[in-house]
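Peer 1: below is the sequence, then the predicted model.
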Amino acid sequence: MGACNIIVIDFETTGLSPHYGDRTIEVGAVHVANNRIVDQYQSLMNPEVRISNFIADYTGISNKMLSKAPKIKEVMEQLRSFIGHLPLVAHNASFDSRFLDSEMDRLNHKRDNEFACSMLTARRLYPDAPNHKLETLVQYKRIVTDGTHHRALADATMAAHLWINMIADIKEMYELPEVPFTLMQRLGKVPKKKVDEFMAKFRT
DNA sequence: TGCCAGGCCCTCTTTAGGGCCTT
């Protein structure tokens, strides 16, 4: 039932690389069941280091906001409870999975959730989009938003709607009654010239 | 917006280089 029960997740962080000491400062996660958002989780977290002006400007998150936020460890324990063992989706999942795994590793916890990438799937499904940034794809698919960008819950929500849209488009384009999570996940890895060949295997 | 990373993907490729995405 993976297709209809997933968690879409997004992190704001102090930078690009956990291996160079960057930490998470906010997480947003939405639970999608039967192609609808049914639950959500969001929290800032205190990285206990000052964030750069670039990150403050990029996210709108200030050092003052973070100084009042719970510690990363507390938030990660709550996040772990929220996501359970459900399959995970993120836009450019290699980024979010690195940070999730890095923070969980500090708690001696190893992720067992599957991960899929909405960016890789969108590149296969929408090759003619102007580019495959989350913001652009949301406009391309005419997904209604509240205008917030680069905040974790807003971005996770937009990625969730993009994911739901892609499932609907695949159903229509390839005449499939259901679109399993594994199809979406594997579609992101298929050579672009072999997308139709790959999809044909799922048609009955 | 930066330039500190890394996986993916294209091409003027594979003995490599550079753009795309994420913060």
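Peer 2: Thanks, I have the structure now. Residues are numbered from 1 along each chain as shown, chains lettered A, B, ... in the order given.
Peer 1: please enumerate the strands of chain A.
Peer 2: A:5-13, A:24-33, A:36-44, A:88-90, A:115-117 (DSSP state E).
Peer 1: run the chain-centre distance for the fourth one.
Peer 2: In other words, strand A:88-90. 4 Å (C-alpha atoms, centre = their mean, to the nearest Å).
Peer 1: neighbouring strands - and their directions - for that strand?
Peer 2: Paired with strand A:88-90 in the same sheet, following DSSP bridges, are strand A:5-13 (parallel), strand A:115-117 (parallel).
Peer 1: show me what it is in contact with.
Peer 2: A:6-10, A:96-97, A:100, A:113-118, A:159-160, A:163, A:184 (C-beta atoms under 8 Å, 6 or more residues apart in numbering). Every C-beta, even on glycine, is put in place using the N, C-alpha and C of the backbone.
Peer 1: for the worst-scoring helix or strand of chain A on mean pLDDT, give me every contacting residue.
Peer 2: Counting by mean pLDDT, DSSP states H and E, chain A has its least confident helix or strand at helix A:195-200, which shows a mean of 92. Contacting residues not belonging to helix A:195-200 are listed as A:124-125, A:170, A:174, A:186-187, A:190 [C-beta under 8 Å, 6+ apart].
Peer 1: show me just the buried residues among those residues.
Peer 2: A:124-125, A:170, A:187, A:190 (16 or more other C-beta atoms under 10 Å).
Peer 1: pLDDT check: weakest of those?
Peer 2: Among the buried ones among the contacts of helix A:195-200, A:Val190 carries the weakest pLDDT, at 93.
Peer 1: from what I can see that one touches A:Arg124, true?
Peer 2: Yes. At 6.4 Å, A:Val190 counts as touching A:Arg124 under the criterion of C-beta atoms under 8 Å.
Peer 1: before we move on, back to that, which pair in the buried ones among the contacts of helix A:195-200 spans the largest distance?
Peer 2: A:Ile170 and A:Val190 (12.6 Å; C-beta to C-beta).
Peer 1: re the thing from before, how about the buried ones among the contacts of helix A:195-200 in TSV, adding distance to A:Glu74?
Peer 2: What follows is the buried ones among the contacts of helix A:195-200, written out as TSV (distance: C-beta to C-beta, whole Å):
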residue	distance to A:Glu74
A:Arg124	38
A:Leu125	38
A:Ile170	38
A:Leu187	36
A:Val190	40
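Peer 1: so which of the strands paired with strand A:88-90 is nearest DNA strand B?
Peer 2: Nearest of the strands paired with strand A:88-90 to DNA strand B, taken as C-beta to the nearest atom of the strand: strand A:5-13 at 3.5 Å.
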